[in-house]
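J.: My questions concern the predicted model and sequence given below.
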Amino acid sequence: MISRRPSIGVVLAGGVGQRVGHSEPKQLIKLAGRTILEHTIAVFDASPDVDEVIVLMTPGFVEPVRELVRRCGFGKVTAIVEGGATRTESTWRALQAVGDRDCDVLLHDAVRPLLEPRIIADCVRALRTYEAVEVAIPSSDTVLVAEDDIVREVLDRSRLRRAQTPQGFRLSVIREAYRRAMADPDFATRQATDDCGVVLRYLPDVPIHLVPGSERNMKVTHPIDLAIADRLLRQAAADAPPAPADYRQALSGRTVAVFGDGAQLAALASRHGATVRSFPADLARTEEQAAKALAEAGPVDCVIHLAGAFSVESGDPGPTQHRDPGSPQHGELVTTDPDALALAYLGAAHVARAAYPVLRETGGTLVLQSGGGDGSLAAPARAATAELARALAAEWAPDGIRVNAVLAPMFPSPTSPANAEPPDQPRADTKHEADPPTDAEYGRTDTTARACLDAIVSGLTGQVVEA
């Protein structure tokens with residue numbers, strides 16, 4: 001095995017985010033259920049190519065970030081340092097925090113939360129040969145040189161690159177470049193815009209090797225970037241479902257309480273070693289009934305509320321059959337039974353209130369599944385479930401409780417109803433000792449059931465997933 005120098009990831013989160021239009025530092029804005037900073041640190045913390053992580057944070061926010069790191073269990077974070085007034089000052093403070101050792105450093109903008117592990121690996125590999133590396137992608141836009149609103153030159157796009165981060169260096173190289181910069185009286189008024197710029201100016205004989213970046217590795221700078229990054233982060237989570245081994249690790253020995261008709265979900269969870277306690281959907285009509293059921297279940301690690309779909313004929317929440325979206329709508333407000341309407345819209349809140357003290361003790365997870373179905377009441381029920389999950393995720397985060405939502409299809413397939421009773425399945429309240437499902441069996445399992453378990457296994461909170 002070839003030994004390598006240690007690699008230290010430095011997350012530069014010292015900005016205040018004025019351009020994004022928020023009063024708090026933009027790296028603390030939540031996207032896809034987690035702060036931007038959490039997403040970014042998580043990539044470095046999970047990378048096998050990174051040995052240690054140092055975070056540079058906006059002055060006045062070091063303690064909240066310290067608590068965030070503790071709560072998320074980021075084991076590679078060894079220091080959280082107050083950032084400086086400028087990007088270069090923050091980098092200089094980071095280099096001082098690293099100390100004197102033979103290592104490589106990867107300096108990364110905290111507000112690039114979509115960094116791919118591949119880019120980290122490529123940077124670490126390149127630093128075996130080069131002393132400085134810069135991540136960049138080709139420019140897809142034509143770049144102009146203008147003066148007084150007059151175009152003076154059109155640059156050759158084939159030679160242009162858009163710089164990204166991380167930017168990687170041998171520690172001795174970047175430290176010497178910054179030592180010379182800090183000794184230059186002109187540097188304060190003519191600062192470089194990134195760290196490679198400092199090396200290029202003060203150590204011009206050091207070649208800077210280019211590492212291919214990614215269009216997804218965007219920097220969150222303007223308000224529109226928040227919406228784009230949020231969508232991409234949610235898509236990335238949906239495109240990377242947990243592996244079977246992740247299910248077993250997350251569910252084995254745990255107790256899962258399910259309110260509603262979720263036989264497939266219960267069977268799948270029990271096959272991964274979970275003890276599943278199933279309760280009728282009617283127990284969600286009041287908080288007291290739901291709380292009594294949970295008390296009888298004993299310590300519970302996960303609570304799942306399955307709202308029934310609005311049926312085509314009656315408007316009541318319950319199993320629904322597929323219909324042509326263009327046909328006359330049923331399930332209207334005036335034809336829906338009031339008790340059924342209350343259960344559909346308030347059942348999730350009742351279960352959530354009952355589950356709070358239980359999950360606070362276990363540091364568990366609440367999953368709220370919307371009923372889907374058809375008719376004019378299905379869409380607002382889905383929206384209510386999503387917003388309730390997001391609100392509770394933020395409210396309960398200090399208690400260590402994760403909350404996610406799964407939105408069932410509006411028009412489920414007749415061959416795969418959201419909560420169909422599978423043939424020859426064991427009772428949901430028993431442990432199933434059979435082997436976990438194969439990959440082929442996963443493909444045949446109801447997507448809503450799998451999405452609910454994915455919401456548990458992911459370890460995330462505030463997620464809203466379309467099943």
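T.: Cool, the structure landed. Keep in mind that what you see is a predicted model, and the values were worked out from it rather than measured. Numbering: from 1, shown residues only.

J.: mind saving the C-alpha coords of stretch 292-300 as PDB?
T.: Extracted in PDB, the C-alpha atoms of stretch 292-300 (Å, rounded to 0.1, in the frame of the first residue of the first chain):
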ATOM      1  CA  LYS A 292     -52.300   5.500  24.100                       C
ATOM      2  CA  ALA A 293     -51.300   3.200  21.200                       C
ATOM      3  CA  LEU A 294     -47.700   4.400  21.400                       C
ATOM      4  CA  ALA A 295     -47.600   3.900  25.200                       C
ATOM      5  CA  GLU A 296     -48.600   0.300  24.700                       C
ATOM      6  CA  ALA A 297     -45.900  -0.200  22.100                       C
ATOM      7  CA  GLY A 298     -43.100   0.600  24.500                       C
ATOM      8  CA  PRO A 299     -40.000   2.500  23.400                       C
ATOM      9  CA  VAL A 300     -40.400   3.400  19.700                       C
END
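
J.: Just the helices from the stretch 51-200 of the chain, written as ranges.
T.: Secondary structure of the stretch 51-200 of the chain by DSSP state H, counting those that start in this stretch: the helices cover 62-72, 87-98, 117-126, 171-183, 195-202.

J.: Among those, which comes closest to H350?
T.: Comparing those against H350 with C-beta to C-beta, the closest turns out to be helix 62-72 (27.6 Å). C-beta here means a position set from N, CA and C on the backbone, and glycine is covered the same way.

J.: ok, residues contacting that closest one?
T.: The set of residues external to helix 62-72 that reach it, using C-beta atoms under 8 Å, 6 or more residues apart in numbering, is 13, 28, 35, 37-38, 41-42, 55, 57, 77, 80-82, 397, 400.

J.: and which of these is nearest D156?
T.: Taking C-beta to C-beta as the measure, A13 is the one of the contacts of helix 62-72 closest to D156, at 35.4 Å.

J.: re earlier: any idea which of the contacts of helix 62-72 has the most stuff around it?
T.: Highest neighbour count within the contacts of helix 62-72: V55, with 30 neighbours (other C-beta atoms under 10 Å).

J.: Would you agree D51 is in contact with F44?
T.: No: using C-beta atoms under 8 Å, D51 is not in contact with F44, being 10.1 Å away.

J.: The two: which is more packed in?
T.: F44 (27 against 17).

J.: Output the below-cut-off pLDDT ranges for this structure.
T.: Applying pLDDT under 70 to the chain picks out residues 1-3, 16-23, 238-245, 309-332, 372-375, 411-446.

J.: change it to 50
T.: For the chain, residues meeting the criterion pLDDT under 50 lie at 1, 312-315, 319-331, 412-445.

J.: Longest helix in the chain, by number of residues?
T.: Looking across the chain with DSSP state H, the single longest helix is helix 338-362.

J.: From the contact counts, what lies against that helix?
T.: strand 255-259, helix 287-297, strand 302-306, strand 365-370, helix 378-396 (3 or more C-beta pairs under 8 Å, 6 or more residues apart in numbering; DSSP states H and E).

J.: right, and those - which one's nearest L232?
T.: Here helix 378-396 is closest among these (C-beta to C-beta), at 17.8 Å.

J.: ok, and what's touching that closest one?
T.: By C-beta under 8 Å, 6+ apart, helix 378-396 touches 30, 33, 307, 309-310, 331, 344-345, 348-349, 352, 356, 359-360, 366, 368-372, 401-405, 407-408, 410, 461-464.

J.: Quick one: list the elements packing against the helix or strand that that helix is followed by.
T.: As assigned by DSSP states H and E, the chain's next helix or strand after helix 378-396 is strand 402-407. Applying 3+ C-beta pairs under 8 Å, 6+ apart, we find strand 402-407 packed against strand 365-370, helix 378-396, helix 447-457, strand 464-466.

J.: Single out the most deeply packed of those.
T.: Of all the helices and strands packed on strand 402-407, strand 365-370 has the most neighbours on average by mean count of other C-beta atoms under 10 Å, namely a mean of 28.

J.: Between strand 402-407 and that one, find me the angle.
T.: Strand 365-370 runs at 20 degrees relative to strand 402-407, counting by axes from the mean of the first three to the mean of the last three C-alpha atoms, to 10 degrees.

J.: now strand 365-370, how far from the chain's geometric center?
T.: Counting by C-alpha atoms, centre = their mean, to the nearest Å, strand 365-370 is centred 17 Å from the centre of its parent chain.

J.: Please name every helix or strand in contact with it.
T.: Contacting strand 365-370 under the criterion 3+ C-beta pairs under 8 Å, 6+ apart are the following elements: strand 302-306, helix 338-362, helix 378-396, strand 402-407, helix 447-457.

J.: at 6 Å what do you get?
T.: Packing contacts for strand 365-370, counted by 3 or more C-beta pairs under 6 Å, 6 or more residues apart in numbering; DSSP states H and E, involve strand 302-306, helix 378-396, strand 402-407, helix 447-457.

J.: Which residues does the last one contact?
T.: With C-beta atoms under 6 Å, 6 or more residues apart in numbering as the test, helix 447-457 has contacts from 241-242, 246-247, 250, 264-265, 268, 302, 304, 365, 367, 369, 404, 406, 408, 418, 465, 467.

J.: Out of those, which end up buried?
T.: 242, 246-247, 250, 264-265, 268, 302, 304, 365, 367, 369, 404, 406, 408, 418, 465, 467 (16 or more other C-beta atoms under 10 Å).

J.: Excluding chain neighbours, what is closest to R277?
T.: Excluding the flanking residues, the one nearest R277 by C-beta to C-beta, 6 or more residues apart in numbering is A297, at 4.3 Å.

J.: The residue lying closest to T275 once chain neighbours are set aside: how many residues sit nearby?
T.: Leaving out its chain neighbours, the residue that sits closest to T275 by C-beta to C-beta, 6+ apart is T255, at 4.8 Å. For T255, the count of nearby residues is 20 (other C-beta under 10 Å).

J.: Could you verify my assumption that T255 touches D301?
T.: Yes: taking C-beta atoms under 6 Å as the definition, T255 is a contact partner of D301 at 5.4 Å.

J.: ok so, going back, where does the residue nearest to R277 sit relative to Q167, distance-wise?
T.: 52 Å (C-beta to C-beta, to the nearest Å).

J.: So which of these two has more stuff around it?
T.: More crowded of A297 and Q167, by other C-beta under 10 Å: Q167, with 28 against 19.

J.: How about the contacts made by the more buried one?
T.: Going by C-beta under 6 Å, 6+ apart, Q167 touches 107, 134, 195-196.

J.: L115 too?
T.: By C-beta under 6 Å, 6+ apart, L115 lies in contact with 43, 217.

J.: let's see 8 Å
T.: 40, 43, 108, 165-166, 217.

J.: What about the residues you listed, which are in strands?
T.: In this view, the contacts of L115 that belong to strands under DSSP state E are 108, 165-166.

J.: a markdown table for those, including distance to L232?
T.: Below are the ones in strands among the contacts of L115 laid out as a markdown table (distance: C-beta to C-beta, whole Å):
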| residue | distance to L232 |
| --- | --- |
| H108 | 17 |
| T165 | 17 |
| P166 | 19 |
